[in-house]
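In: My questions are about this predicted structure, shown below with the sequence.
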Amino acid sequence: MDPLEQQLREAFSQIPFGEGSVMDQDVIYSLAIEGNRAEAMLIVEQEHESLIEQTAKAVHEVLMQVEGIAEVGIQVVDSLEEAQAAEKEAKSAEACGCGSPAGSCESAAPKQAQGASQNPHPSRTANPAPPQAVNYLGEYEFIILVASGKGGVGKSTTAVNLALALKSLGKSVSLLDADIYGPSLPTMMGARGEFPEIIGQAIQPMSRHGIEFMSMGSLVDEEEAMIWRGPMAHQAVEQMLRDTTWPGGDYMIIDLPPGTGDVQITLAQKTRATGAVVVCTPQDVALMDARKAINMFDKVSIPTLGIVENMSFFKCPGCGEETPIFSTGGAEKEAGAQEVPFLGKIPIELNIRRCGDEGTPIVAAYPEAESSKSFITMAKKLDEILKGA
Amino acid sequence: MALKFSNKTRPKEVFVDDKLNILWADGTHSRYDFYPLRCLCVCAACVHEVTGEKLLDEAKIPKDIRPLASEYVGNYALGITWSDQHSTGLYTFKRLREDIPFEEGTRVN
C-alpha cells in the first residue's frame, strides 16, 4: 500500500458512519486518482439515506486535503450491484470517447451527491488539461542514477560511498538498489538477510549509516535468482519506487544494473532524474560501454553529470608505488571527449572491498583513506555541478 | 563545466488549444496541428519496429482528431492519448523540436 492509501484509510476511518466508520462499514466502493482529480464511489444503503450528504461532504473534504488534488468527484449509489453497474457504465462512457471523466457522460446515471463536486465536469468542447507527470521520488531534490555500461566496474561501491560522502557533507540521502538481478546493497550496507517492515503494502525502507535504502535483495531470499522478462523487471522497479515509504530529502542515489535495459527505461520514464553518474574502469572495453550509457541517457534527456574512474591504480601499501592495473586516465580522457565533467579517480584498495563485504562502506569505516577522500571530493564536485545547473 | 543539456529541446510548458502548444526553455513557442502529429506517431503499432515500414493507415485517422490527455514521460517525451483511443505513442521533445514541422506561436515565455 502506498503512503497515500495508508493516509486515506486512516482519514476515512475517522469519518463516523452508522455503527462504525466509513472505512469499516465498506462505504467506499472505489477511489481513483488521476492527475489532480479524485473520483470516489460510495455505497450508502437506503436505510442510511439521511447520511448521504454529510458523508459525501466528509469524504470530499478528506480528498481535497490531499496534496495535488484540485478536483473531487463523488458518486453515491445504494447497493453493491448498482456500484458495479455504474462502474461498468463509466468504463463504457470512457470508451465512448466523449472525453469527459468516467461517469459524467449522460449514459452513466448514478446519482450525484449535491454539492460534492466543486468543479463542473469539462464539457465536450473544453481543451484537455495540460500534461500530467507520473514521477515517483518527487520528494527528493536531486535524483542521481549511478550507471555503467559494463558490469563489475564498482557501480554499487560507488553508489554506496557516494551516498555516504554526500551524507558526510550534511545532506539527507536515500539509496535505491535498482539492480534487481544482482542486488548487492544489503551486503554493502550491512543488512544482509534482513527484511524490511511492511505495513499493508507500504515497504518501510531499511536504515543503516544514516541512510534510508531499499533493495530487491531485501525483499527476496538471497539465493533466489531473478529470472525476469522486461515487464516483470519494470514492475519490480516500479514497486520499489511506488510502495516504499521514502522519507524524501536532498539526494536519492539510484544504483542501476549494468547495461542499457528495461530498468534504465523504467527509471527514465517514471522519474524525473536529475542526472547520471557513469562509473567505469580505465580499460577500453569499459570505456566503450560507458560511451553507450552516456548515449542512452542523452536519448532520454538525462544529462550525464560526470564520469568516475574506478580501479584507477593500485598503491602498494609497502613501498607506495602506484601500479595502473587496468591502465589509468582513460576515463578522464573520455570525459574530455564527451564534454562531461570528470568527477575523480578511485584507487584499488583492499579496504574498499573488505569494508563493502563487511557492511560498513569505506567512507563510513575509514573516512581518511585515499579512496574515501576521492569519494568525498566527488560528492563536493557533484553538489557544485548541481548548484550551478 | 556546463551541463550538456540543451534549452532548445527542453519544454517549459505544454498546453492544448486548437493545436498542441509547447513553450520551450529557449523562448520559442511551437504550435502543432493535431492530424499530422497523430499521423507521425512512431509507436510499434504505427511503425514496424524492425523494418521501419509505416503500418498506420492515415486514411483511417479522423480529420478532426484531437488529444484527450497527455503526460510527461520522464524528462524526455510527451505521451498523448488521442480521440481515436490511440495512446501508445511517445513524442520525444527532441523530435518535436527538430523533426516535426510546427508553426511558430507568438506567446512570450
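Out: Looks like it came in fine.

In: which regions of the chain sit below the pLDDT cut-off?
Out: Here I'm looking at chain A. Low-confidence segments of chain A, defined by pLDDT under 70: A:1, A:90-126, A:389.

In: other chain: chain B
Out: Ranges of chain B meeting pLDDT under 70: B:1-5, B:108-109.

In: Okay, and the beta partners of the residue positioned nearest the centre of it?
Out: Centroid-nearest residue in chain B: B:Tyr91, 4.4 Å away (criterion: C-alpha atoms, centre = their mean). Assessed by DSSP bridges, B:Tyr91 has beta-bridge partners B:Leu78.

In: go on, B:Lys54?
Out: Under the criterion used (DSSP bridges), B:Lys54 bridges to B:Val47.

In: thinking it is in contact with B:Val47, fair?
Out: Yes. Under the criterion of C-beta atoms under 8 Å, B:Lys54 lies in contact with B:Val47, with a separation of 5.7 Å. Placement of C-beta: from N, CA and C, glycine included.

In: Kindly confirm my reading that A:Val76 is in a strand.
Out: Yes. Residue state for A:Val76 (DSSP: H, G, I helix; E, B strand; the rest coil) corresponds to a strand.

In: tally of neighbours for it?
Out: 27 (other C-beta atoms under 10 Å in any protein chain shown).

In: where does chain B come near chain A, residue by residue?
Out: Contact residues, chain B versus chain A (C-beta under 8 Å from any C-beta of the partner chain): B:1-5, B:9-10, B:13-17, B:66-79, B:83-85, B:92-94.

In: List buried residues within the residues you listed.
Out: The neighbour-count test (16 or more other C-beta atoms under 10 Å in any protein chain shown) marks B:3, B:5, B:9-10, B:14-16, B:66-79, B:83, B:92-94 as buried among the residues of chain B next to chain A.

In: Now, those that are in strands?
Out: B:14-16, B:67-73, B:77-79, B:92 (DSSP state E).

In: out of those residues, what pair is the most spread apart?
Out: Largest separation among those by C-beta to C-beta: B:Leu68 and B:Thr92, giving 20.5 Å.

In: Show the backbone phi and psi for the closest residue to A:Lys345 other than its chain neighbours.
Out: In this structure, A:Lys345 finds its nearest non-sequential neighbour in A:Ser312, 3.7 Å apart by C-beta to C-beta, 6 or more residues apart in numbering or on different chains. The phi and psi torsions at A:Ser312 (degrees, to the nearest 10) take the values phi -70, psi -40.

In: And for B:Lys12?
Out: phi -100, psi -40.

In: same deal with A:Ile52?
Out: phi -50, psi -50.

In: isn't it right up against A:Val76?
Out: Yes. Assessed by C-beta under 8 Å, A:Ile52 is found in contact with A:Val76 at 5.4 Å.

In: what's around A:His292, how many residues?
Out: Quick fix: residue A:292 is Lys, not His. Counted with other C-beta under 10 Å, A:Lys292 comes out at 15.

In: Now for it: which residues touch it?
Out: Residues counted as contacts of A:Lys292 (C-beta atoms under 8 Å, 6 or more residues apart in numbering or on different chains) are A:149, A:260.

In: check which helix or strand covers it.
Out: Counting by DSSP states H and E, the element that carries A:Lys292 is helix A:284-299.

In: ok and the helix or strand following that helix relative to helix A:284-299, angle-wise?
Out: Proceeding N to C from helix A:284-299, the next assigned helix or strand is strand A:304-309, under DSSP H and E. Orientation check (axes from the mean of the first three to the mean of the last three C-alpha atoms, to 10 degrees): strand A:304-309 against helix A:284-299 gives 170 degrees.

In: now for the helix or strand just after strand A:304-309, which elements pack on it?
Out: Following strand A:304-309 in sequence order, the next helix or strand is strand A:314-315 (DSSP H and E). Under the contact criterion of 3 or more C-beta pairs under 8 Å, 6 or more residues apart in numbering or on different chains; DSSP states H and E, strand A:314-315 touches strand A:322-323.

In: Show me where the stretch 51-200 of chain A has its helices.
Out: A:52-65, A:80-95, A:155-168, A:185-188 (DSSP state H, counting those that start in this stretch).

In: ok, now how distant is B:Arg95 from chain A?
Out: From B:Arg95 over to chain A the distance is 11 Å, taken as C-beta to the nearest C-beta, to the nearest Å.

In: contacting residues around that residue?
Out: B:Val42.

In: Let's see that with 10 Å instead.
Out: Neighbour list for B:Arg95: B:9, B:40, B:42, B:76-78 [criterion: C-beta atoms under 10 Å, 6 or more residues apart in numbering or on different chains].

In: what comes up buried for stretch A:374-387?
Out: A:374-376, A:378-379, A:381-383, A:385-386.

In: hmm, it in reach of chain B?
Out: Yes. Interface with chain B: stretch A:374-387 contributes A:381, A:385-386 (C-beta under 10 Å from any C-beta of the partner chain).

In: And for A:Gly182, the neighbour number?
Out: By other C-beta under 10 Å, neighbour count at A:Gly182 equals 15.

In: Give me the helices and strands touching whichever helix in chain A runs longest, please.
Out: When chain A is parsed with DSSP state H, its longest helix is helix A:370-388. Judged by 3 or more C-beta pairs under 10 Å, 6 or more residues apart in numbering or on different chains; DSSP states H and E, helix A:370-388 is in contact with strand A:140-147, helix A:155-168, strand A:249-255, strand A:275-280, strand A:304-309, strand A:342-345, helix A:350-358, helix A:362-365.

In: The residue nearest to A:Ala191 when sequence neighbours are not counted bridge partners, please.
Out: Once flanking residues are discounted, A:Ala191 sits nearest to A:Met206: 5.1 Å by C-beta to C-beta, 6+ apart. Taking DSSP bridges as the rule, A:Met206 bridges to A:Phe213.

In: What parts of the stretch 101-250 of chain A come near chain B?
Out: So the stretch 101-250 of chain A meets chain B at A:127-135 (C-beta under 10 Å from any C-beta).

In: ugh, wrong one, I meant the stretch 251-389 of chain A
Out: A:265-275, A:294, A:297-306, A:335-336, A:338-342, A:381, A:385-386, A:388-389.

In: Whichever of those end up buried, select them in ChimeraX.
Out: Of these, the buried ones can be selected in ChimeraX as follows, counting by 16+ other C-beta under 10 Å:
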select /A:265,266,267,268,269,270,271,272,273,274,275,294,297,298,300,301,302,303,304,305,306,335,338,340,341,342,381,385,386
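
In: Next, the buried residues of stretch B:35-42.
Out: Neighbour count says stretch B:35-42 has B:37-38, B:40-42 buried, by 16+ other C-beta under 10 Å.

In: Assign a three-state SS to A:Gln239, would you?
Out: A:Gln239 - assigned by three-state DSSP - is helix.

In: can you pull the contacts of it?
Out: A:180, A:201, A:203, A:214, A:216, A:219.

In: any idea how far it is from A:Ile376?
Out: 33 Å (C-beta to C-beta, to the nearest Å).

In: Please apply the same query to A:Ile254.
Out: 20 Å.

In: what's the answer for B:Ala25, then?
Out: From B:Ala25 to A:Ile376 the distance is 33 Å (C-beta to C-beta).

In: In JSON lines, list the buried residues of stretch A:374-387 along with distance to A:Ala32.
Out: JSON lines is the format used below for the buried residues of stretch A:374-387 (distance: C-beta to C-beta, whole Å):
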{"residue": "A:Ser374", "distance to A:Ala32": "49"}
{"residue": "A:Phe375", "distance to A:Ala32": "45"}
{"residue": "A:Ile376", "distance to A:Ala32": "47"}
{"residue": "A:Met378", "distance to A:Ala32": "44"}
{"residue": "A:Ala379", "distance to A:Ala32": "42"}
{"residue": "A:Lys381", "distance to A:Ala32": "44"}
{"residue": "A:Leu382", "distance to A:Ala32": "39"}
{"residue": "A:Asp383", "distance to A:Ala32": "40"}
{"residue": "A:Ile385", "distance to A:Ala32": "40"}
{"residue": "A:Leu386", "distance to A:Ala32": "36"}
